[in-house]
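> quick one, structure for this:
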Amino acid sequence: MFMGQSPKIMTIKRMMREIAKTNENALIIGEIGTGRKHIAKEIHRRSRQKNKPFVILNCSAVGDMITDADLYGEKIEGARGVERKIGLLEQAKQGILYLENVNELQPEYQQQFVNILKEKKFRKSEEHTFVAVDFRVFAATSDERIAKSDGFRQDFLSLLNTFTISIPPLRQRKQDIPFLFNHFLEKYCQEFSREIPPVPAELFESLMEYEWSGNVFELKNAVKNLVLMSPEGKLSIEYLPFEIKKHPFEFLEGRDLPEAVSEVEKYIIKKSLRRFAGNQTKAARVLNVSEAALRYKMKKYGLSRKAF
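Numbers count the residues shown, from 1 in each chain. Got it, this is the predicted structure:
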């Protein structure tokens, strides 16, 4: 299930419902962990092909781990005579062929797929018979610049992107984090027979501040880790599997106001001087103070021009 309640995710869900009503191909763009495969499977579940196969082809392995025989099938001589190995393309008959990491498909295979999708047929390996192509193609990539890539055939792209779904990373839809967190918390508490514990405010603050480079997949694993590692009845940020960023002013805790103001002022002056390699004129201009005022502050805080 593809989850979220942010405006962008609701738009994507509407697109999924409409795409499912057609027989067209689709291109799904999103970072790793954003749920590209979940979207493809959800469209398949709602489509006319729902009772037909959903075949996954990892394009980064084609030509290496995945051979032509794997794609197109082959005849094999066995103990019971000659048998046919059904290739992945034929397995997808009347269903969905899901091209994972389509941007990593080698140029020679891009050409083959262009021919197959245009001619609506392909030839079985080392045979003279053809198989009609009657499957839909859902292609997925993490490369949002695929349309401008020199290494990707534009005629192939045009056959794939009748519809295009662009999934925003989790860090751009943080309003979905509480919803997703609660879903995964309930899921793993049920799975591991735990009571659902209260969630400390500081834990939610940490979840909202984190950048989530691994997206929903990373959040899912983080919640699982919390449930397994935290003592029963209590969740703790101690068991989050990532480093918590400290608030930039946390070092001022316990200082009186004049001392705190001086520390902040000293930090900003040092940063400006470092930016301009000690050039006081440029630093003063950026700080919107006179050079005389800047020199006074530098003397006050013991900042030497030579240090920058």
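
> please work out the average pLDDT along the helix or strand where V223 lies.
Using DSSP states H and E, V223 falls within helix 215-229. Regarding helix 215-229, the rounded mean pLDDT is 94.

> pull out the buried positions in that helix.
By neighbour count on 16 or more other CB atoms under 10 Å, the buried set for helix 215-229 is N215, V216, E218, L219, K220, A222, V223, K224, L226, V227. For every residue, glycine as well, the C-beta is placed using N, CA and C.

> below-threshold pLDDT in the stretch 201-308 of the chain: ranges please.
Within the stretch 201-308 of the chain, the stretches with pLDDT under 70 are 243-252, 306-308.

> the chain: strands as residue ranges?
Counting by DSSP state E, the chain has strands at residues 26-29, 54-58, 74-78, 81-85, 96-100, 121-123, 130-132, 136-141, 163-166.

> now those strands as CSV including mean neighbour count and distance to V199?
Output for these, formatted as CSV (neighbours: other CB atoms under 10 Å; distance: least, CB to CB, whole Å):
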stretch, mean neighbour count, distance to V199
strand 26-29, 24, 32
strand 54-58, 19, 36
strand 74-78, 12, 55
strand 81-85, 10, 52
strand 96-100, 22, 34
strand 121-123, 15, 53
strand 130-132, 14, 54
strand 136-141, 26, 33
strand 163-166, 16, 31
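
> what's the closest of those to L207?
Nearest to L207 among those is strand 163-166 (24.1 Å), distances taken as CB to CB.

> strand partners of that closest one, parallel vs antiparallel please.
The pairing partners recorded for strand 163-166 under DSSP bridges are strand 26-29 (parallel).

> as TSV, the strands of the chain with distance to P200 and mean pLDDT would be great.
Below are the strands of the chain laid out as TSV (distance: least, CB to CB, whole Å; pLDDT from 0 to 100):
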stretch	distance to P200	mean pLDDT
strand 26-29	36	98
strand 54-58	40	98
strand 74-78	59	74
strand 81-85	56	73
strand 96-100	38	98
strand 121-123	57	89
strand 130-132	58	87
strand 136-141	37	98
strand 163-166	35	97
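
> picking up where we left off before, tell me which two of the buried residues of helix 215-229 sit farthest apart.
Greatest spatial distance among the buried residues of helix 215-229 (CB to CB): N215 and V227, at 19.5 Å.

> on that earlier part again, just send the strands of the chain back as CSV, with distance to E195 too.
Converted to CSV, these look like this (distance: least, CB to CB, whole Å):
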stretch, distance to E195
strand 26-29, 38
strand 54-58, 37
strand 74-78, 55
strand 81-85, 51
strand 96-100, 38
strand 121-123, 55
strand 130-132, 55
strand 136-141, 38
strand 163-166, 38
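
> residue contacts, V133?
By CB atoms under 8 Å, 6 or more residues apart in numbering, V133 lies in contact with L89, I116, L117, E119, K120, K121, F122.

> measure it to S125 for me?
15 Å (CB to CB, to the nearest Å).

> could you do N51 as well?
Relative to S125, N51 is positioned 28 Å away (CB to CB).

> what about those two, which has more around it?
Taking other CB atoms under 10 Å, N51 and S125 do not tie; S125 has more neighbours (16 against 8).

> ranges for the helices of the stretch 201-308 of the chain?
With DSSP state H, counting those that start in this stretch as the criterion, the stretch 201-308 of the chain has helices at 201-209, 215-229, 257-275, 280-287, 291-300.

> may I see the buried residues of the first one?
This points to helix 201-209. By 16+ other CB under 10 Å, the buried positions in helix 201-209 come out as L203, S206, L207.

> again, but for the longest one
When burial is assessed from 16+ other CB under 10 Å, helix 257-275 yields the following buried residues: K266, I269, K270, S272, L273.

> tell me the one of those nearest I28?
I28 lies nearest to S272 out of those, by CB to CB, at 45.2 Å.

> noted, bye for now.
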